[in-house]
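K.L.:
Below is the structure, and that's it, no one-letter string:
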């Protein structure tokens, strides 16, 4: 014996639409107006420009690799 499917109540459908709107909002999807909401990334402060400037003042013919710059940046952040 199989039972017929019940109709969803108004409250259940309202909850389902709220959940999908919330999921779209958190996923950065389009809102109800059709405009996309672009989030801003948090700015990550680095000391790489300052390290590079000091390096050029001291040794103007030398460069620095990305890996070494990351090490120096971590070092400065640990100090401050």
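P.N.:
Here it is on my side, so go on. Not measured: the values here are computed from a predicted model. Numbers count the residues shown, from 1 in each chain.
K.L.:
contacts for the strand or helix carrying residue 68?
P.N.:
Element membership of residue 68 [criterion: DSSP states H and E] is helix 66-79. Residues from elsewhere that reach helix 66-79, judged by CB atoms under 8 Å, 6 or more residues apart in numbering: 46, 47, 48, 51, 52, 64. Every residue, glycine included, has its C-beta placed from N, CA and C.
K.L.:
got it, and stretch 42-60?
P.N.:
62, 64, 69, 72, 73, 76, 77.
K.L.:
which regions of this structure lie under the pLDDT threshold?
P.N.:
Applying pLDDT under 70 to the chain flags residues 3-36.
K.L.:
The same query, at a cut-off of 50, please.
P.N.:
Low-confidence segments of the chain, defined by pLDDT under 50: 30-31.
K.L.:
burial count for residue 76?
P.N.:
By other CB atoms under 10 Å, the residues close to residue 76 number 14.
K.L.:
Repeat that for the one 3 residues further on.
P.N.:
Burial measure for residue 79: 7 neighbouring residues, criterion other CB under 10 Å.
K.L.:
picking up where we left off before, helices - which of the contacts of helix 66-79 land there?
P.N.:
Among the contacts of helix 66-79, the residues falling in helices (DSSP state H) are 48, 51, 52.
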